[in-house]
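Below: sequence and its predicted model.
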Amino acid sequence: MAKLQPRGRKVKILATLGPASNTPEMLERLLRAGADAFRVNMSHGDKADHAAVIKAIRDLEARFNRPIAILADLQGPKLRVGTFANGRAIIRHSGHFTLDRNPEPGDETRVYLPHPELFGIMQKGQRLLINDGKIQLKVIRADADAILCSAEVGGVISDRKGVNVPDAEVPIPALTEKDRADLAFAVEHGCDWIGLSFVQRPEDLAEARKLIGGKALLCAKIEKPSAIRRLAELIELSDGIMVARGDLGVELYPEEVPPLQKKIVNATRTAGKPVIVATQMLESMIESPAPTRAEVSDVANAVYDGADAVMLSAETAAGEWPEEAVAIMSRIARQVEGDDAYLERVRFLATTPDATTADALSHSCMTIADTIRIGAIAVFTASGSTARRVARERPSVPVMVLTPSRATARRCALLWGAYPVVTKDIGSFEEMIAKGKRMALRHGFGEAGARLIVLAGVPFGTPGATNLLHVVTLTGQELAGYER
């Protein structure tokens, strides 16, 4: 069986798959370079391609005996203009331009907008952004059939360019028929996380949650300003959050995105749920073998903020240097986490424990690891909730997640500091201690003489019963008679 050593970092790397990275050979190279999880973008490719890459990931997981998380990212609804008589037109700066319900090809004065929902919500002064914000329109007047705008920023517009509506909540569900089919496919093929796009309100999560049926975790992508206004509710109703900075950067002014990123990360961390910082982290590495200094700082800041995972998009999906992008991101993370000031900065956010035994013991794991030399924290869990509680405290040592559930192990592969291990269930205190020791030695978390924190619940196998913390010392004898 192939072997991977612990990464030497706690933040996780989520690599997007695409034409540059969806072969078994490249998947292995990305895993060896440092990828902890893979994103399957349902916006591109067909189901046969997706099924093949999911199988390749699971084959890789079996070879390396390392649980790997797969996030299936749904496309969501796309707002687009219609077509033009000549395939394109030029909108004059400061000129007038109309979006209407007439399906005839457009020209330099108007174009068809095949989304009747927008005509009833737009108001004077609100913005419409076209082609990723390259064209910026401001509403002068809107009625049931037409939206008259002035062009704050004009330019070339062509067939079926995308439309963003940053100043209004669009009355369109987050799931399209394509998304429902893609979600069913992802659940059927054992994906661990479902990324939900176009989230604006808590109701958007309800249908996805129902369709998932508990077979995967739900990640709400925060990519619209309307989602920011209801952030606390979205965090509460989801299992994790993705800061989708690409779309946020289109609908918001650029200077608004960095403080919002920190706000989203902090709020999600406080709730004890994983948070992913995504898009354009090493964008120049689509074509260049080295990132810019600004990109390196961007990744470093996300790590200093305590994000659970950082994501590569086109860098690994379609770029010329996918393996190098993962390797450099991993090096940046290790360098940051090796900074003497790292823990102080990552714990600047106060994550006050809830008034429960499980939270109190999880907090104690962090303080014990700060006080005495500890190799790792061994958490026995069935659902992963105890591991999330411990990771929320951002302890100074890795969190070895020992679980009989392969699904739980895979889902925890996106969790800060977590090192998931699938192992047989335990039935007694003595078995728990012996197994914790063997696993720590087996997976490289300390040598003979090192100490280990063991966290579990008694009676064993009872969800939510975390009530036991024990500190043990490792000896070389634990490797004898090792059994999974």
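Everything's here; your move.

what separates stretch 273-283 from the chain centre, distance-wise?
7 Å (C-alpha atoms, centre = their mean, to the nearest Å).

Give the buried residues for the helix of greatest length in the chain.
With DSSP state H setting the assignment, residue counts place helix 47-64 as the longest helix in the chain. By neighbour count with 16 or more other C-beta atoms under 10 Å, helix 47-64 contains the buried residues 50, 53-54, 56-57, 60-61, 64. C-beta coordinates here come from the backbone N, C-alpha and C atoms, glycine included.

Show me what that helix is packed against.
helix 24-33, strand 37-41, strand 69-73, helix 177-188 (3 or more C-beta pairs under 8 Å, 6 or more residues apart in numbering; DSSP states H and E).

What are the contacting residues of the longest one?
Put plainly, it is helix 177-188. 40, 42, 47, 50-51, 72, 74-76, 175, 194, 197, 208, 211-213, 215-216 (C-beta atoms under 8 Å, 6 or more residues apart in numbering).

so for the longest helix of the chain, what's the average pLDDT?
The pLDDT scores in helix 47-64 average 97.

how about it as CSV, C-alpha atoms only?
Extracted C-alpha coordinates of helix 47-64, given in CSV (Å, rounded to 0.1, in the frame of the first residue of the first chain):
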residue,chain,number,x,y,z
LYS,A,47,-21.8,12.8,-15.9
ALA,A,48,-19.7,10.1,-17.4
ASP,A,49,-16.6,12.3,-16.9
HIS,A,50,-17.6,13.1,-13.4
ALA,A,51,-18.3,9.4,-12.6
ALA,A,52,-14.8,8.5,-13.9
VAL,A,53,-13.0,11.1,-11.8
ILE,A,54,-14.9,10.2,-8.7
LYS,A,55,-14.0,6.5,-9.1
ALA,A,56,-10.3,7.5,-9.7
ILE,A,57,-10.3,9.5,-6.4
ARG,A,58,-11.8,6.5,-4.5
ASP,A,59,-9.2,4.2,-6.1
LEU,A,60,-6.5,6.6,-5.0
GLU,A,61,-8.0,6.8,-1.5
ALA,A,62,-7.9,3.0,-1.2
ARG,A,63,-4.3,2.8,-2.4
PHE,A,64,-3.0,5.4,0.1
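
next one: that helix to chain centre, how far?
20 Å.

And stretch 165-179, what's buried?
Result for stretch 165-179 [16+ other C-beta under 10 Å]: buried residues 165-168, 170, 172-176, 179.

Stretch 190-199 too?
190-199.

Would you check which pair of those lies furthest apart?
G190 and F198 (24.6 Å; C-beta to C-beta).

Now do the SS call for the most centrally placed residue in the chain.
Note on the chain: the residue nearest the mean C-alpha position is I276, at 3.7 Å, using C-alpha atoms, centre = their mean. Secondary structure for I276, judged by DSSP: H, G, I helix; E, B strand; the rest coil, is strand.

ok, back up a step: now the longest helix of the chain against strand 69-73, angle please.
If you take axes from the mean of the first three to the mean of the last three C-alpha atoms, to 10 degrees, helix 47-64 sits at 170 degrees to strand 69-73.

could you check the angle helix 177-188 makes with helix 47-64?
Going by the same axes, to 10 degrees, helix 47-64 makes 30 degrees with helix 177-188.

which other residues reach helix 47-64?
Against helix 47-64 from outside (C-beta under 8 Å, 6+ apart): 1-4, 17, 22-24, 27-28, 31, 38, 40, 42, 67-68, 70, 72, 185, 189-191, 410.

Among those, name the buried ones.
Buried by 16+ other C-beta under 10 Å: 17, 22, 27-28, 31, 38, 40, 42, 67-68, 70, 72, 185, 189-191, 410, out of the contacts of helix 47-64.

Can you tell me, leaving aside adjacent residues, what's nearest to A208?
Leaving aside its sequence neighbours, A208 sits nearest to L196 (C-beta to C-beta, 6 or more residues apart in numbering; 5.1 Å).

for A216, that is, sorry about that
I194 (5.2 Å).

Pull out the buried residues from the helix or strand encompassing L248.
Using DSSP states H and E, L248 falls within helix 245-251. Across helix 245-251, burial judged by 16+ other C-beta under 10 Å covers 245, 247-251.

got it, and stretch 68-78?
Buried residues in stretch 68-78 (16+ other C-beta under 10 Å): 68-77.

likewise stretch 350-360?
351, 353, 358-359.

Tell me the secondary structure of K273, please.
coil.

mean confidence score for stretch 96-108?
Rounded mean pLDDT across stretch 96-108 is 97.

How far off centre is it?
38 Å.

Please apply the same query to stretch 223-233.
Worked out by C-alpha atoms, centre = their mean, stretch 223-233 lies 16 Å from the chain centre.

What is the end-to-end distance of that stretch?
15 Å (C-alpha to C-alpha, to the nearest Å).

can you list the residues that contact it?
166-170, 197-202, 220, 222, 234, 244, 246-248, 251-252, 260, 263-264, 267.

can you do 6 Å?
Contacts of stretch 223-233 with the rest of the structure, by C-beta atoms under 6 Å, 6 or more residues apart in numbering, involve 166, 169, 199-202, 244, 247-248, 251, 267.

ok, now stretch 451-464?
365, 368, 374-375, 377-380, 382-383, 426, 432, 436, 440, 465-473.

ditto for stretch 325-338
Against stretch 325-338 from outside (C-beta under 6 Å, 6+ apart): 8-9, 11, 13, 15, 30, 33-35, 282, 285, 296, 299-300, 303, 312, 315-316.

same deal with stretch 396-409?
67, 343, 369-370, 374, 376-382, 384, 387, 390-391, 412, 417-423, 425.

Pull out the buried members of those.
For the contacts of stretch 396-409, buried by 16+ other C-beta under 10 Å: 67, 343, 369, 374, 376-382, 384, 387, 390-391, 412, 417-423.

So which of these are in strands?
376-380, 418-422 (DSSP state E).

can I get the residues you listed in TSV with distance to N131 and pLDDT?
Converted to TSV, these look like this (distance: C-beta to C-beta, whole Å; pLDDT from 0 to 100):
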residue	distance to N131	pLDDT
A376	50	96
I377	49	97
A378	52	97
V379	48	96
F380	52	95
A418	40	98
Y419	44	97
P420	42	97
V421	47	96
V422	47	96
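
between those, which is nearest G240?
The closest of those, once distances to G240 are taken by C-beta to C-beta, is A418, at 12.8 Å.

For that closest one, which non-adjacent residue is closest in space?
C412 (4.6 Å).

give the contact list for that neighbour.
384, 387, 401, 418, 420.

Show me what the helix holding L248 is in contact with.
Outside helix 245-251, the residues that reach it (C-beta under 6 Å, 6+ apart) are 132-133, 164, 166, 223, 225, 257, 279-280.

and which of those is nearest to G95?
Nearest to G95 among the contacts of helix 245-251: G133, at 18.1 Å, using C-beta to C-beta.

pretty sure the closest one belongs to a helix, no?
No. Counting by three-state DSSP, G133 is located in no helix; its state is coil.

Quick check: the gap between the closest residue to it other than its chain neighbours and R141.
Distances taken as C-beta to C-beta, 6+ apart place V250 nearest to G133, at 4.6 Å, with adjacent residues excluded. Distance of V250 to R141, given as C-beta to C-beta, to the nearest Å: 24 Å.
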